[in-house]
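> model this:
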Amino acid sequence: MPARIIVSPRFELFLALAECLGPARDGMPWLSQARRKLDPAARRRMGDLALAPTFWRALAVVPGSAALDADTDAVIAAFAEVPADAFAGRCRTALSPAESDPTITRLIDTLGRDPAGLQQAAVDALRRFDRLAFAALWRRMAPDLEEAARNATIPVDAKDAFVFPSLFGEYRFPLGKLLARTLPIDRLRAAAPHSAPPSGAARDPEIVFRALGDATRYAIARLIAREPLSGAELARRLGVSGPTLTHHLKALRRAHLVLEERRGNRILLSLDRRAIEMLSAAAIDALFGGAPVTIRRSRKG
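Here you go, the predicted structure:
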């Protein structure tokens, strides 16, 4: 099967918890609030699981291909439903390179004695982490990941795989005959910003007028005309959901009004000034020119 890009918390849930429990890293400011919410009491309840970030990355393989597109509740439910013996086997395979770590050694020993108990402890920890920190973290992350996915060119070496845009580095997880790969969003290459609007936009100003005729889209255009903004920043400023913003950006892109530029882990959107400058001449030609008038039924949106 060809590679498929999926924006989902399927792996980010485990990787985010691993990052929260591991040493602080530069360039990951989105984790600071999540770290604070995962307070000492929550860590004590996790026991050895709080001392082993490697273990959480290994646990990401446990649900297999279940709940690839789903929310965190479905991911945790799929994790909990894996039979205890399968849970233990998948964990041992994933942890074998880290057996020299004393904490990992203790956890592997627990896998042999009480895999069901360790699995339940992990389920409880995931639910607590989701409630305390990850749900809010995912709301902030998802718009940028969705933006990256929409503009992505899948890497050549990612065939026969599910590709997950990620803020936590690059990881590979076997899922039967397929491979799930989390890729940093800057590895998903966006198309370079164009220097001039495509000729189709200039010839059909109706598309531009229709795009800007909606109050929310006009507000988006004004905001990104003043400064480049990410999708997440736009959603926050406008007070709209990610899907709503996606709908409006689709109309602005169709009118060739949006330029996109990747900066680090973000894709910044700006208004194409040249497209607006060319609009006046194109509109005069369309309105006063001799071309036949085509009546198009208006559609909402």
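> for the rest of this, base every contact and every neighbour count on C-alpha atoms.
OK.
> show me where the stretch 101-250 of the chain has helices.
102-113, 115-129, 135-150, 199-203, 205-212, 215-226, 231-238, 242-254 (DSSP state H, counting those that start in this stretch).
> mean pLDDT and mean neighbour count added to those, as CSV?
Formatted as CSV, those follow (pLDDT from 0 to 100; neighbours: other CA atoms under 10 Å):
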stretch, mean pLDDT, mean neighbour count
helix 102-113, 86, 16
helix 115-129, 94, 18
helix 135-150, 86, 20
helix 199-203, 45, 16
helix 205-212, 86, 19
helix 215-226, 92, 16
helix 231-238, 89, 18
helix 242-254, 88, 16
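> contacts only, for the spatially most central residue of the chain.
With distances taken as CA atoms, centre = their mean, the residue of the chain nearest its centroid is L145 (2.8 Å). For L145, the contact set (CA atoms under 8 Å, 6 or more residues apart in numbering) comprises V7, P165, S166, I185.
> got the phi and psi for A66?
The phi/psi pair for A66 (degrees, to the nearest 10) reads phi -70, psi 150.
> next up, the contacts around it.
Neighbours of A66 in contact, by CA under 8 Å, 6+ apart: V75, A78.
> pLDDT score for it?
What the model reports for A66 is a pLDDT of 84.
> tell me where the chain has strands.
4-5, 161-166, 171-175, 178-184, 258-263, 266-271 (DSSP state E).
> buried deepest among these, which one?
Comparing those by mean neighbour count (mean count of other CA atoms under 10 Å), strand 161-166 ranks first with a mean of 25.
> off-centre distance for it?
9 Å (CA atoms, centre = their mean, to the nearest Å).
> E227 reaches D272, doesn't it?
No - the criterion here is CA atoms under 8 Å, and E227 misses it with D272 at 11.5 Å.
> neighbour count winner among these two?
Neighbours of E227 and D272, each counted by other CA atoms under 10 Å, are more numerous for D272; the result is 21 against 11.
> phi, psi of that one?
Dihedral angles for D272 - degrees, to the nearest 10 - are phi -80, psi 100.
> do you know how far it is from L126?
Counting by CA to CA, to the nearest Å, the separation of D272 from L126 is 43 Å.
> contacts only, for L229.
By CA under 8 Å, 6+ apart, L229 lies in contact with L223, L268, L269, S270.
> any chance of the strands of the chain in JSON lines, plus distance to L137 and mean pLDDT?
Supplementary listing: the strands of the chain in JSON lines, determined by distance: least, CA to CA, whole Å; pLDDT from 0 to 100:
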{"stretch": "strand 4-5", "distance to L137": "21", "mean pLDDT": "87"}
{"stretch": "strand 161-166", "distance to L137": "13", "mean pLDDT": "89"}
{"stretch": "strand 171-175", "distance to L137": "20", "mean pLDDT": "86"}
{"stretch": "strand 178-184", "distance to L137": "16", "mean pLDDT": "87"}
{"stretch": "strand 258-263", "distance to L137": "20", "mean pLDDT": "80"}
{"stretch": "strand 266-271", "distance to L137": "16", "mean pLDDT": "86"}
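> which one of those lies closest to R106?
Comparing these by their distance to R106 (CA to CA), the top pick is strand 171-175, with 23.3 Å.
> nearest residue to R92 in space, ignoring adjacent ones along the chain?
Using CA to CA, 6 or more residues apart in numbering and skipping the chain neighbours, the partner closest in space to R92 is I108 (6.8 Å).
> just the contacts of L145 now: which is nearest A77?
For those, the nearest to A77 is V7 (18.6 Å; CA to CA).
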